[in-house]
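Novice: The following comprises the amino acid sequence and a computationally predicted model.
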Amino acid sequence: MSAPSSLPPAQGENPAPENEGLAVDTGLKPAGPTPSSSRFQVDLVAEAAGAADKTLASGDKDAPAPEGSEPAAGGEEAKGRFRVVNFVDPSGASPPEAVPAEGFQNGDTVMSEGSLHSSTGGQHHYHYDTHTNTYYLRTFGHNTIDAVPNIDFYRQTAAPLGDKLIRPTLSELHDELDKEPFEDGFANGDELTPAEEAAAKEASEPKGAVKFGWIKGVLVRCMLNIWGVMLFIRMSWIVGQAGIVLSCVIVLMATVVTTITGLSTSAIATNGFVRGGGAYYLISRSLGPEFGGSIGLIFAFANAVAVAMYVVGFAETVVELLASVDCIMTDEINDIRIVGTITVILLLGISVAGMEWEAKAQIFLLVVLITAIFNYFIGSFIPLQSKESQGFFGYDSGIMMENMGPDFRGTESFFSVFAIFFPAATGILAGANISGDLSDPQLAIPRGTLLAILITGIVYLGVAISTGSCIVRDATGNDNDTRSAQIMANCTDAACKFGYDFSSCKSDDGLYNCRYGLQNDFQVMSIVSGFGPIITAGIFSATLSSALASLVSAPKVFQALCKDNIYPGLEMFAKGYGKNNEPLRGYILTFCIALAFILIAQLNIIAPIISNFFLASYALINFSVFHASLANSPGWRPSFKYYNMWVSLAGAVLCCVVMFVINWWAALMTNVIVMGLYIYVSYKKPDVNWGSSTQALTYHQALTHSLHLSSVEDHIKNFRPQCLVMTGYPNSRPALLHLVHAFTKNVGLMICGHVRTGSRRPNFKELSNDQTRYQRWLMKNETKAFYTPVFAEDIREGTQYLLQAAGLGRLRPNTLVIGFKNDWKDGDMMNVETYIQMIHDAFDYQYGAVVLRLKEGLDVSHISEQDDLLSSQEKTSGMKDVVVSIDMKDSDGDSSKPSSKATSVQNSPAIQKGDDDERKAARKPLLRKEKSPQTLNVAEQRLLDASQLFKRKQGKGTVDVWWLFDDGGLTLLIPYLLTNKKKWNDCKIRVFIGGKINRIDHDRRAMATLLSKFRIDFSDINVLGDINTKPKKENVTAFEEMIEPYRLKEDDMEQDTAEALKASEPWRITDNELELYRAKTNRQIRLNELLKEHSSTANLIVMSMPLARKGAVSSALYMSWLETLSKDLPPLLLVRGNHQSVLTFYS
């Protein structure tokens, strides 16, 4: 148990001896943040810079570390691994004398939380903080490099020079002491000096960036955006059309949609750190780049069009004022265009001036707006006789009851009125859209958004009830329209009891022709208010503030979208300027879009268009929460708990319904645009990984389906070849990879197995890196396969590991595919023993076995020019993955012993250390070779050409199937699957079978019947009646000469000597064995003759592989059979199933 952290070592535990001290960092190093007792405050700029400021107490600044001297070398474990950064008081006070030098060296003294926040105002504390930005952290004062939990370990930074604060790796803590922890350099890249780190921090962190709290950043913006053009200009008209009850229903419906969306937004915003980009950032990081990219584009466009809507609302009011004093410039529409253009230019100037000026303008406009609202409500309680002729009589139950029900006129209906009102509710994301400029988005977005929805909803309901209770629907504005006492008794309108007769407003043809009242005067709230010009100022404030918020939101969202490079060609708009990274280019683009829509100059046309775009965004935000909850990912942990996945789903559905209610053709257009952009992004597959809920749900479904699949027994009809292909590195045997992929793509499982052997100690970290790297390589080359490497003593042991453990549940291999060992006669025969035993192991594990032979060979790993053939796609696509040097093989099999022709490069040249390092490494050659392109000999050129044989489209030709032995049908199924593929569909299947000369026709008919029952098309069936004919003498002689070096010749030596030699060299061929299998040997020689006679022009030969009884046939003899059978032929596939049926003719 260590002493309290505030005590010096002399009072607690004994300090470490001098020779066990730690190396002290002799430069400046930026401090890391200290979590407060309540929550972690994350600084956005520091997050982006990769090195956060250290806040020691309230008001503290960065504290530089003093220089220290280098002590003697430390203990064995601490040697060369530690650095301690010491922090002094920001005022520059020297450390107190109480701290001894030993404490400085071992860094064990840690001030307590109480001393950090001491109440002694002027006292300065010199302390050593465990949570500092050191390379390694100390735990509880003990001499260990293990690290205590620290927020800086979990940051995802984007600093130019990389993240410098990482926890010790497992290897550094776990590996043997004689093993260097940094074989490939520092774990996080090349180490920087403290001065370089300070420079990196300085360069990446803008000074004086403006950050907003939840009130100024979210609440004010949302309220201003929601109290937009509709509050003063259209709300009274909506009450006149729909009545008080339905107006409240309209407000409540819109509020329900926005509240659910606000809850969903709060849930996403509190599920991790939020950067700039608003709705785009929230959706893209939740649902992935496909939905995020599509909605980000239309959301930015919608905000740009919203600028036009609010500016047109402002211009409409200005033109009405001009008309009241007869100052019309041309006509009403063109005047709106002129005023709108001037206004948007002024707004652009305010926005470009910077966020600080824009925020100040917003506060001023909010004050004006709230004053106007209070002005209206105060005026509604002060009825004046001069206003009665214009329809305002003060609060009256008669007026309220008359206006309670709807009075839709013309083509208006409930839904058309709702469509006009709903844009008033689309401002709820105004705060989230500038999430990058908020000091604490996780706190600000939920609090500010939900409070803004509540306040604005109450005000809208209050205005609806108020206007409906004190203003009649129609008024003439003529003081003389009063009723006489004689006919007052027959009056039924609410205005009658006040002595007014407005019946003249309705003409005989049913049309209304009055200028005043709820139905007719958009500016009726100015009449009601205590001081009319304040309402006009409120209208100006509401419209201009909303326009300003949208003018800021659109470029910010668009800039975030462009930074992610989802759409090529838009990178130019990602550039920011100034201390706040202002998207000036985005402002200009938004200005141009807004100006184009301002020229429409009709508010009721613009409003429904943007409503659909906003609703599409809201629908996807709600769906994101449902989707993330459904995926049940451990990473979905929002701190905002007041949400429900089913409520969010209902909100998404409600948004879609409202879209079609507002404008069905605009909703269709919006959906088509979203789906079009979604398909485009899905097709382009941007190289991003944001841990989206789509990935989580995909995993969840894959796991569920895999378990479900494992609970069902296999059926013959559902059999598919699932191949374990011993490729080594996937790019070292392209022909093997391409051929197997041709018949497993979208049909069965393909696993590229790789056995790594060698005398050096296994580097499992390197193995893991290779697994990730080559899996990406397969994906980039559109090969649907999995790469699975293993370490083993020899290739047979590794293959056994893979045969037993590869796959998952029903997704397990059932067929082993290997390349033919072309150079078996040149190397150590024990390699042949291992190779043949692999085939026996496959049969022992009830696998089928497939061997591919190309006369040119398969392994191209020793030829550097394969870089041009294999990685051209990587080069053109700007691929970031690194393809490393390859372990050389001594054959086309999968042995891992170094070849005499090439040097094995065991170490990976590039452990991925970040995007920059990856890009550099990706430009390196695929293989490091000393050969230059000019040294390629004819054989190597042929090998390279042959390696691409199965990648090309196969012309008209044949696939010859020599189905000599019934193995369950695998020999027939593989060519059938192959010829169904586009590259092979011009090839016809020819079937060759063995038979008797006197029954050739019978055997042909029987095979034709069987193939027709299997529903397998074929072009010809050949029955070979002369298989058992003796082979040519010269071929027999050639075979005997080939096996001569491998014979045991036990008859020429003592029995003990022969047995000892056989035990040490089990591959040798005994005389007894050779005689016993003479007939089988002759059959292989004869079959090779027949293959040359009948199939020398085939595109591919698929043939039943001969079996050798384990323990009875030596490896050399079996290898000789395979060699004799397959030599000097077109590409040959030797196939032997596990003798369980894989074909059936039953339905």
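Specialist: Received it, and whenever you're ready, just let me know what you need. Numbers count the residues shown, from 1 in each chain.
Novice: where exactly do the strands run in the stretch 851-1000 of the chain?
Specialist: 957-962, 987-994 (DSSP state E, counting those that start in this stretch).
Novice: same check, this time on the chain
Specialist: Under the criterion DSSP state E, strands of the chain are mapped to 723-726, 750-756, 786-791, 815-819, 848-853, 957-962, 987-994, 1020-1024, 1100-1104, 1132-1136.
Novice: Turn those strands into TSV, columns for mean neighbour count and distance to Gly228.
Specialist: In short, each C-beta sits where N, CA and C put it, glycine included. Formatted as TSV, those follow (neighbours: other Cβ atoms under 10 Å; distance: least, Cβ to Cβ, whole Å):
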stretch	mean neighbour count	distance to Gly228
strand 723-726	26	62
strand 750-756	25	58
strand 786-791	20	54
strand 815-819	26	66
strand 848-853	24	69
strand 957-962	24	70
strand 987-994	21	67
strand 1020-1024	18	78
strand 1100-1104	25	70
strand 1132-1136	24	71
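Novice: so which of the strands of the stretch 851-1000 of the chain comes closest to Thr1124?
Specialist: strand 957-962 (14.8 Å; Cβ to Cβ).
Novice: what does the closest one rub up against?
Specialist: Here strand 957-962 makes contact (Cβ atoms under 8 Å, 6 or more residues apart in numbering) with 971-972, 975, 978-979, 984, 986-993, 1019, 1087, 1091, 1094-1095, 1097-1104.
Novice: quick one: average confidence on that strand?
Specialist: Average pLDDT, strand 957-962: 91.
Novice: Extract the CA atoms of that strand and return them as PDB.
Specialist: Below are the C-alpha coordinates for strand 957-962, written out as PDB (Å, rounded to 0.1, in the frame of the first residue of the first chain):
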ATOM      1  CA  GLY A 957     -13.200 -23.800 -75.900                       C
ATOM      2  CA  THR A 958     -13.800 -26.800 -73.600                       C
ATOM      3  CA  VAL A 959     -13.500 -27.800 -70.000                       C
ATOM      4  CA  ASP A 960     -12.700 -31.500 -70.200                       C
ATOM      5  CA  VAL A 961     -14.000 -33.500 -67.200                       C
ATOM      6  CA  TRP A 962     -12.300 -36.900 -66.800                       C
END
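Novice: Next, the angle strand 1132-1136 makes with that strand.
Specialist: Between strand 957-962 and strand 1132-1136, the angle comes out at 40 degrees (axes from the mean of the first three to the mean of the last three Cα atoms, to 10 degrees).
Novice: tilt between strand 957-962 and strand 1100-1104?
Specialist: Orientation of strand 957-962 against strand 1100-1104 (the same axes, to 10 degrees) gives an angle of 10 degrees.
Novice: Direction included, what does strand 957-962 pair against?
Specialist: Partners of strand 957-962 in the sheet, by DSSP bridges, are strand 987-994 (parallel), strand 1100-1104 (parallel).
Novice: With distance to Ile453 and mean pLDDT added, can I get those strands in JSON lines?
Specialist: Formatted as JSON lines, the strands paired with strand 957-962 follow (distance: least, Cβ to Cβ, whole Å; pLDDT from 0 to 100):
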{"stretch": "strand 987-994", "distance to Ile453": "66", "mean pLDDT": "90"}
{"stretch": "strand 1100-1104", "distance to Ile453": "68", "mean pLDDT": "92"}
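Novice: Asn781: which of those strands is closest?
Specialist: Closest of those to Asn781 is strand 1100-1104, at 21.7 Å (criterion: Cβ to Cβ).
Novice: if we look at that closest one, which residues are touching it?
Specialist: Applying Cβ under 8 Å, 6+ apart, the external contacts of strand 1100-1104 come out as 959-965, 967, 971, 974-975, 978, 987, 1091, 1095, 1125, 1129-1136.
Novice: let's go with 7 Å and repeat that
Specialist: Applying Cβ atoms under 7 Å, 6 or more residues apart in numbering, the contact partners of strand 1100-1104 are 959-965, 967, 971, 974-975, 1091, 1095, 1129-1136.
Novice: cool, stretch 368-383 as well?
Specialist: Contacts of stretch 368-383 (Cβ under 7 Å, 6+ apart): 224, 227, 392-394, 459, 466, 470, 525, 528-531, 534-535, 537-538, 541-542, 545.
Novice: Now the buried members of these.
Specialist: Neighbour-count burial (16 or more other Cβ atoms under 10 Å) applied to the contacts of stretch 368-383 gives 224, 227, 392-394, 459, 466, 470, 525, 528-530, 534-535, 537-538, 541-542, 545.
Novice: Can you tell me which residue is spatially central in the protein?
Specialist: Asn689 (3.2 Å; Cα atoms, centre = their mean).
Novice: What separation is there between it and Asp960?
Specialist: Separation of Asn689 from Asp960 (Cβ to Cβ, to the nearest Å) stands at 46 Å.
Novice: Equivalent analysis for Thr834, please.
Specialist: Separation of Thr834 from Asp960 (Cβ to Cβ): 31 Å.
Novice: cool, Asp945 as well?
Specialist: 22 Å.
Novice: before we move on, the earlier item: can the strands of the stretch 851-1000 of the chain go into CSV with extra columns for distance to Val305?
Specialist: CSV is the format used below for these (distance: least, Cβ to Cβ, whole Å):
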stretch, distance to Val305
strand 957-962, 60
strand 987-994, 57
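Novice: wait, which of the ones you listed is closest to Arg1005?
Specialist: Closest among the strands of the stretch 851-1000 of the chain, using Cβ to Cβ: strand 987-994, at 11.7 Å.
Novice: how about the strands of the stretch 851-1000 of the chain, which one is nearest Val557?
Specialist: Among those, strand 987-994 comes nearest to Val557, with 53.2 Å by Cβ to Cβ.
Novice: contact partners of the closest one?
Specialist: 954, 957-964, 975, 979, 1003, 1007, 1011, 1017-1024, 1027, 1094, 1099.
Novice: got the angle for it vs strand 1020-1024?
Specialist: Counting by the same axes, to 10 degrees, strand 987-994 points 20 degrees away from the direction of strand 1020-1024.
Novice: if I look at the residue nearest to Lys996 when sequence neighbours are not counted, how far off is Ser553?
Specialist: Nearest non-adjacent residue to Lys996, counting by Cβ to Cβ, 6 or more residues apart in numbering: Gly1025, 5.9 Å away. Gly1025 sits 83 Å away from Ser553, going by Cβ to Cβ.
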